[in-house]
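Trainee: would you be able to build a 3D model of this:
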Amino acid sequence: MKQGVAGFKAFIRECLAGVRERKEEIDSLNVFPVPDGDTGTNLTLTLESTAESLEGAAAEEPGEVARAVIQGSLLGARGNSGVILSQILRGLAEAFASRGVLDSLWLSQGLERARELAYRAVLKPVEGTILTVLREAAEAARDVADSDPGRAARAALEAARRALASTPQLLPVLRQAGVVDAGGFGLVVVLERLARLFGGDPGRTEVPRGFASLGARTSVGVREAGSLEYKFEVEYLLEADEAGELAGALGGLGDSVAVVGSPGLFHVHVHTNRVFEVVEEGRKRGRVRDLKITYFEDQMAPSELSHEVLTGAACYVLGEGLRLLFRSLGVGSFVSPSQALNPSAGEILQSLERAPGKGVLFLPNHRDLLPAARQAVGLSSRPALLVPTYDPIQGLSAMVAYDPGSPLEVNAAAMEEAASRVVALALARASRAVVTPAGRAGVGEWVGLVRGEVVRVGGSAPELACELVAANIEPRHELLTLIWGAEASLEEAEALEVRLREAFPHLELESHWGGQPFLPYLLGLE
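Mentor: Reported below is the predicted structural model:
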């Protein structure tokens, strides 16, 4: 085996090949199947990002290789297991930068540093997980640090295999489900590839006898990490000089907390029910980017939910925050945001078929989707009705009136009536010079819309918002809703909120992050 830079690059490629080959096998150990909560998938994505960073950097010196590996694994870390793997790779990379060769001392120092980083990354380390497997492997490598690298690699692997077999005795949820820890299994696969690089055949690690078949997932409610109390997984990158007490603050908002990285860039992971507060804790300390929010129950089959729901709801909406708002109000299925901005009737139909309930309602939340939505509703295999919402503000108002235990027709009537009562306003920036019914708008100039029609041009966002509200407010209105999107900065949104509170103190103001594209601000009067 090549011992220098070429050898370390080969190690990363082998790790990726090994985990990718057994991805589905590792995934199957997750007995609570959630998107991006599957360990094999998360480990693969993390290693793919690491390999891409390493190849793209054209690094030829140990220090350059280490930096590329650390950066790539940090940026690409997915899920709890991916975050821990990024710290394992960082420990091995730092040791390689120091030694420049792949010998037994490199492995011993690298695994020990990896153990230190991994345990530090997790707010509340849990034994019976990948952490236990890593610790045992590090101790075994340390005991033979003065031997040849092949022997050290085999010692680490055998210790990891023994630790993996013990995980069900350490973690009751694994014992209940009849599986070993998926993250620990992934680490064993990585160590297998390392041992193979140093020569010899380490064999193939199989799940210990007496445990469930890998192909048979169960629904006992075990996740990759954390408690069933929390419904969302939140991950983001934080650009900040330091993370301060972020991990501790997030610990009060959820579990499975991990904050890893170094001054300049941190990767944040948490399971929570308080998504917006988790994001705001990051924004207090720096710039949040690459935000990813997963709703754990999104992959539950409709049949698992149908018995609880008489009338289900599906909708089209863009923006992670808006999806969470609609989800919290009862929407059970979404037209995928990865599809076209104007989805087809077939794509809408797919969302109707996924929704729970004996009947299903669809909210298009976009004027241009009404024709395709009507066609999809007509093709549904179950009774289906359209609630003609023209924008997300109307849709949210309609969902407040939604009752999953009421009949389809009763829901449709109540929701349509609720949607008709809201006055939907919006602020946007002109992407090009354009003539509107309210006058000419230059590139980047603010325009104000009422029910989708441009009625005002120019001024600042706070000024324009106040003008729109003042022109459309009625004595019956009690609530003003503000939803700010992907193109709005936190500082600007806060300034707008303050201005609205000052201008309309008699209105109750609710402010939410929606993350929607194209329209920085949505407002609703009710």
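Trainee: my read: Val377 touches Leu386, true?
Mentor: Yes: shown here, Val377 and Leu386 form a contact pair, counting by Cβ atoms under 8 Å, at 4.9 Å. In this view, the C-beta of every residue, glycine as well, is placed from N, C-alpha and C.
Trainee: list residues touching both of these two?
Mentor: Shared contacts of Val377 and Leu386, defined by Cβ atoms under 8 Å, 6 or more residues apart in numbering, are found at Phe362.
Trainee: so who does Leu369 touch?
Mentor: Taking Cβ under 8 Å, 6+ apart as the test, what Leu369 contacts is Tyr316, Asn342, Pro343, Ile348.
Trainee: the same query, at a cut-off of 6 Å, please.
Mentor: Shown in contact with Leu369 (Cβ atoms under 6 Å, 6 or more residues apart in numbering): Tyr316.
Trainee: go on, Ala430?
Mentor: Ala441, Glu445, Val447.
Trainee: export the residues you listed to JSON lines and tack on neighbour count and distance to Glu245?
Mentor: Formatted as JSON lines, these follow (neighbours: other Cβ atoms under 10 Å; distance: Cβ to Cβ, whole Å):
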{"residue": "Ala441", "neighbour count": "22", "distance to Glu245": "45"}
{"residue": "Glu445", "neighbour count": "16", "distance to Glu245": "41"}
{"residue": "Val447", "neighbour count": "21", "distance to Glu245": "42"}
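Trainee: show only the entries of those residues found in strands.
Mentor: Members of these lying in strands (criterion: DSSP state E): Ala441, Val447.
Trainee: which of the contacts of Ala430 sits closest to Asp391?
Mentor: When the contacts of Ala430 are ranked by distance to Asp391 (Cβ to Cβ), Val447 comes first, at 15.2 Å.
Trainee: roughly how far does the closest one sit from Asn472?
Mentor: Distance, Val447 to Asn472, by Cβ to Cβ, to the nearest Å: 15 Å.
Trainee: Ala398 against Ser420, yeah?
Mentor: No: checked against Cβ atoms under 6 Å, the pair Ala398 and Ser420 is beyond contact range at 9.1 Å.
Trainee: extract the C-alpha set from the helix or strand where Glu494 lies and format it as CSV.
Mentor: Using DSSP states H and E, Glu494 sits within helix 490-503. Extracted in CSV, the C-alpha atoms of helix 490-503 (Å, rounded to 0.1, in the frame of the first residue of the first chain):
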residue,chain,number,x,y,z
LEU,A,490,-33.3,38.5,9.5
GLU,A,491,-32.4,42.2,10.2
GLU,A,492,-34.7,43.5,7.5
ALA,A,493,-37.6,41.2,8.7
GLU,A,494,-37.1,42.4,12.3
ALA,A,495,-37.2,46.0,11.2
LEU,A,496,-40.4,45.4,9.2
GLU,A,497,-42.0,43.7,12.1
VAL,A,498,-41.2,46.6,14.5
ARG,A,499,-42.5,49.1,12.0
LEU,A,500,-45.8,47.2,11.6
ARG,A,501,-46.3,46.9,15.4
GLU,A,502,-45.8,50.6,15.8
ALA,A,503,-48.1,51.5,12.9
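Trainee: next secondary structure after it?
Mentor: Next element after helix 490-503 (DSSP H and E): strand 508-513.
Trainee: so for that following strand, mean pLDDT?
Mentor: Averaged over strand 508-513, pLDDT sits at 88.
Trainee: for it, name the packing helices and strands.
Mentor: On a contact count with 3 or more Cβ pairs under 6 Å, 6 or more residues apart in numbering; DSSP states H and E, strand 508-513 meets strand 479-484, helix 490-503.
Trainee: okay if I get the ones you listed as JSON lines plus mean pLDDT?
Mentor: Converted to JSON lines, the helices and strands packed on strand 508-513 look like this (pLDDT from 0 to 100):
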{"stretch": "strand 479-484", "mean pLDDT": "94"}
{"stretch": "helix 490-503", "mean pLDDT": "88"}
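Trainee: these: which one's closest to Gln109?
Mentor: For Gln109, the closest of the helices and strands packed on strand 508-513 is helix 490-503, at 41.7 Å, according to Cβ to Cβ.
Trainee: and the angle from that closest one to strand 508-513?
Mentor: With axes from the mean of the first three to the mean of the last three Cα atoms, to 10 degrees applied, the angle from helix 490-503 to strand 508-513 works out at 170 degrees.
Trainee: which residues touch Leu92?
Mentor: Gly110 are the contacts of Leu92 under Cβ under 6 Å, 6+ apart.
Trainee: and it, how far from Ala153?
Mentor: 12 Å.
Trainee: re the thing from before, next, the buried residues of the helix holding Glu494.
Mentor: Glu492, Ala493, Leu496, Glu497, Arg499, Leu500 (16 or more other Cβ atoms under 10 Å).
Trainee: kindly report the same for stretch 394-407.
Mentor: Neighbour-count burial for stretch 394-407 [16+ other Cβ under 10 Å]: Gln394, Gly395, Leu396, Ser397, Ala398, Met399, Ala401, Tyr402, Pro404.
Trainee: please compute how far stretch 354-369 lies from its chain's middle.
Mentor: From the chain centre to the centre of stretch 354-369 is a distance of 24 Å (Cα atoms, centre = their mean, to the nearest Å).
Trainee: alpha carbons of it, in PDB - could you do that?
Mentor: In PDB, the C-alpha atoms belonging to stretch 354-369 read as follows (Å, rounded to 0.1, in the frame of the first residue of the first chain):
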ATOM      1  CA  ARG A 354     -50.200   9.900  -0.700                       C
ATOM      2  CA  ALA A 355     -52.500  11.800   1.600                       C
ATOM      3  CA  PRO A 356     -54.300  10.000   4.500                       C
ATOM      4  CA  GLY A 357     -58.000   9.900   4.900                       C
ATOM      5  CA  LYS A 358     -61.100   8.400   3.300                       C
ATOM      6  CA  GLY A 359     -61.400  11.700   1.300                       C
ATOM      7  CA  VAL A 360     -58.900  14.300   0.500                       C
ATOM      8  CA  LEU A 361     -58.800  18.100   0.000                       C
ATOM      9  CA  PHE A 362     -56.200  19.900  -2.200                       C
ATOM     10  CA  LEU A 363     -55.000  23.500  -1.700                       C
ATOM     11  CA  PRO A 364     -53.100  24.800  -4.700                       C
ATOM     12  CA  ASN A 365     -51.900  28.100  -2.900                       C
ATOM     13  CA  HIS A 366     -51.200  29.500  -6.400                       C
ATOM     14  CA  ARG A 367     -53.600  31.000  -8.900                       C
ATOM     15  CA  ASP A 368     -51.800  29.300 -11.900                       C
ATOM     16  CA  LEU A 369     -52.300  25.800 -10.500                       C
END
